[in-house]
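> need a structure here:
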Amino acid sequence: MRVYNSIDYLETDICFLAEVDIRGTVYYFSSFPIILSVDGGGEVLYNGGLSDPEFVQVLEEIGQIKLSQESVALSLRFPFNVAERQMLGKGVENAVVTISYVTTKKRQSQQTYNERIPIYRGLIREPVYGFPNLDSGVCDFSVENEVFISDSSMLKKLNGDLVSFGQGQFSRGDYTGGGLIESVISDGILSAEKKFEGKIVPAIIGNPGTTTRVDGTSADFPATPAYLIALDPTSPPVQAFFVIAGHIVDADTVTFEDNKGDVNFSVAVNSAPGSKGQIFSYVQVSENDINIDVDDNSLEYFCRWVDTKGGAISPYNGGTLSGGGDLLFWAFSALEVIFDRSAFEAVRDILNQYQFAGYINDPSIKIYEFVQKYIIPVLPVTIANGADGLYPIIDWRLTDSFEPRIEIQTSEIFKRIRPVETRSQSIINDLTVQYASGFVRSLAPVMSGLVHQISEGTEYHGTVYIRDSRNEDAALPYEIVSPYSVISVQRYGRVDHLSRVCARQRHSSQDRTGHDQTQMSTGESHTVSSRFFLRILESRRRYLSDRSGSRSTISECPNYREGLRRGRMAL
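This is a model prediction of the structure:
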């Protein structure tokens, strides 16, 4: 890619180009007639006849996806009778239009045909032709470039056919190579598969299983469910096999435990093919190390993906699929939408600084829905639609790479060119967010080594402060200095606001599809049906402690167990 210096733009003009592809035949238009050389030999003649297009590009709010741009209106004269072509069913509608430009000096292009700069691509819509007093080739139309996405299940994309129990998916079928699990296959059916019939096989993202407390210390917790699929009772002790993911994982070992307090560290992860060839991941555990009782329906099993590699494998670096850049690249590739791969590759490392962890166990969650709700909003990026498809726009102020190229100091040469405007909308630039209500926090000091007691109550367990500067007089563990707040305070002064997010269940119901829906209160009602646990939202609710400092897992809390069983989002 050619990099242009400032000298390249001095005393230059812009020549807009338009290429109209009608059923494989390309027609070339430009602001004025110009010839562009082609790398490797040859030339392309643009015949003129193009008025400068009115092109507007609007940046969405950071953390949003804009699937379309404003349409572009064009009026062109084609070298054929447009009306006759329309009558034959070979008209201009739905033809692909690409708008680009080159810089020129004395009407000589400074770029080759391969170096032209595309700015817009779309389809011809609503052509107007057959003007009585004009040439028969004159046609007015708009060019629209909206991206249409056919969304699909994220769980099925990761797990393939291994989505739920009950159809013999974990038998090897015609596939061999099951490794350790081969010894307990009887007639191709695993011996304990029907115990969890109807359960959803999880897909693992990142390294779920660790969180950060209010005082800044970290804690591990049982993060993802595991399900018994086979038993080998041929010789004591009984060996149990548990599926931990419906796909190959990056981890070599996991921490495996039950809800009775038995914990096994560094349990080896194995893989085997299902009945249709989809590879799943499982662990083998002895009854000496874990509570195994097929008749005890209260038993539950979990994994922690800590001090090890993670879940699904990134096809871009061979490691764990957890970075924001890799997740976006994977999602758009899975959706088979047109996106600017080179533009995403250029910022992938920046977005990969944001790590995600959790699991998905809801087939109804769609890939685009997942990205739009749970990935994009926490990244410093906006996704827009350009000439080469969807592309990222980074808000550099929210990254470590924000370095201004030029510093401007105010002086007498600066003057106001616009009047001061007042706006009537409400402004909030000093925000205090309280979340995880319904708790009572003990008075154990942070430095005492005791974990704060959490039980039913009316307090909020966590607080985040978003403002323009840090409070030097108070040690606030979650104080975020936002560039948006800085600019807003400079313009309008400080306006504070308190927002409370209640994560306590108000009531649960089922929608028409049978999926659980939980009402959450943030001053108004929101419906949450996600099964993905973001690491930044997992914190503060994983462990309980009594006043003596002894610790027990939060899975002993009935409400939490029910939440895990139904897969609700935990704040």
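
> where does the stretch 451-571 of the chain have low pLDDT?
Low-confidence segments of the stretch 451-571 of the chain, defined by pLDDT under 70: 451-459, 461, 473-477, 497-571.

> And the pLDDT for residue 198?
Looking at residue 198, its pLDDT reads 78.

> cool, residue 116 as well?
The per-residue pLDDT reported for residue 116 equals 91.

> give the contact list for it.
17, 36, 100-102 (Cβ atoms under 8 Å, 6 or more residues apart in numbering). Every C-beta, even on glycine, is put in place using the N, C-alpha and C of the backbone.

> Which two among those residues are spaced furthest apart?
Farthest-apart pair in the contacts of residue 116 is 36 and 101; separation 11.4 Å (Cβ to Cβ).

> Give the burial count for residue 223, as a bare number.
Residue 223: 27 surrounding residues under other Cβ atoms under 10 Å.

> Settle this for me: it is touching residue 301, isn't it.
No - using Cβ atoms under 8 Å, residue 223 is not in contact with residue 301, being 11.9 Å away.

> what comes up buried for stretch 303-317?
Neighbour-count burial for stretch 303-317, counted by 16 or more other Cβ atoms under 10 Å, picks out 303-306, 308-314, 316.

> now, which of the residues you listed lie within strands?
The strands, defined by DSSP state E, take in 303-304 from those.

> out of the buried residues of stretch 303-317, who's nearest residue 131?
So of the buried residues of stretch 303-317, ranked by how close each gets to residue 131 (Cβ to Cβ), first place is residue 316, at 52.0 Å.

> Point out where the protein drops to low pLDDT.
1-9, 57-69, 166-169, 171-194, 422-425, 436-459, 461, 473-477, 497-571.

> Provide a list of residues in contact with the residue of the chain positioned farthest from its centre.
Distance to the chain centre peaks in the chain at residue 133, reaching 53.4 Å (criterion: Cα atoms, centre = their mean). Under the criterion of Cβ under 8 Å, 6+ apart, residue 133 has no contact partners.

> Residue 20 versus that one, what's the distance?
Separation of residue 133 from residue 20 (Cβ to Cβ, to the nearest Å): 23 Å.

> How about residue 284?
Distance, residue 284 to residue 20, using Cβ to Cβ: 63 Å.

> what about the strands in the stretch 301-450 of the chain?
Along the stretch 301-450 of the chain, counting by DSSP state E, counting those that start in this stretch, strands occupy 301-304, 358-360, 381-386, 389-394, 430-441.

> got these as CSV, with distance to residue 330 columns?
Shown next, in CSV, are the strands of the stretch 301-450 of the chain (distance: least, Cβ to Cβ, whole Å):
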stretch, distance to residue 330
strand 301-304, 22
strand 358-360, 13
strand 381-386, 14
strand 389-394, 14
strand 430-441, 29
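
> Which strand or helix spans residue 281?
Counting by DSSP states H and E, the element that carries residue 281 is strand 279-286.

> tell me how far that strand is from the chain's mean position?
Strand 279-286 sits 29 Å away from the centroid of its parent chain (Cα atoms, centre = their mean, to the nearest Å).

> In helices, which of the buried residues of stretch 303-317 fall?
Nothing among the buried residues of stretch 303-317 maps onto helices, per DSSP state H.

> ok, the buried residues of stretch 303-317 vs residue 76, which is closest?
Closest to residue 76, out of all of these and judged by Cβ to Cβ, is residue 316, at 41.2 Å.

> Could you pull up the contacting residues of the residue nearest to that closest one when sequence neighbours are not counted?
Once flanking residues are discounted, residue 316 sits nearest to residue 326: 5.4 Å by Cβ to Cβ, 6 or more residues apart in numbering. By Cβ under 8 Å, 6+ apart, the contact set of residue 326 is 314, 316-317, 348, 352.

> how about those residues, which pair is most distant?
Most distant of the contacts of residue 326, by Cβ to Cβ, are 314 and 348, 10.3 Å apart.

> Name the residues contacting each of these two.
By the contact definition Cβ under 8 Å, 6+ apart, residue 314 and residue 348 are jointly contacted by 323, 326.

> Pull the number of nearby residues for residue 467.
Using other Cβ under 10 Å, residue 467 has 20 neighbouring residues.

> Residue numbering should commence at 9 henceforth.
Happy to do that; since the first residue is 9 now, the last one works out to residue 475.

> hey, what's the nearest residue to it once chain neighbours are set aside bridged with?
Counting by Cβ to Cβ, 6+ apart, residue 475 lies nearest to residue 438, which is 4.7 Å off, once chain neighbours are set aside. Residue 438 has these beta-bridge partners by DSSP bridges: residue 504.

> Would you agree residue 438 is in contact with residue 504?
Yes - at 4.0 Å, residue 438 and residue 504 qualify as touching, with contact defined as Cβ under 8 Å.

> higher neighbour count, those two?
The residue with more neighbours, out of residue 438 and residue 504, is residue 438; 19 against 11, by other Cβ under 10 Å.

> per-domain residue ranges of this structure.
Split into domains by automatic domain parsing, the chain comes to 14-152, 162-312, 332-404, 438-574.

> For these, give me CSV that also has distance to residue 423.
Below are those laid out as CSV (distance: least, Cβ to Cβ, whole Å):
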stretch, distance to residue 423
domain 14-152, 25
domain 162-312, 48
domain 332-404, 28
domain 438-574, 19
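
> quick one: which of the ones you listed is nearest residue 420?
The closest of the domains of the chain to residue 420 is domain 438-574. By Cβ to Cβ, the value is 21.3 Å.

> about what we covered before: spell out which residues are contacts of both of residue 231 and residue 309.
Residues touching both residue 231 and residue 309 by Cβ under 8 Å, 6+ apart: none at all.
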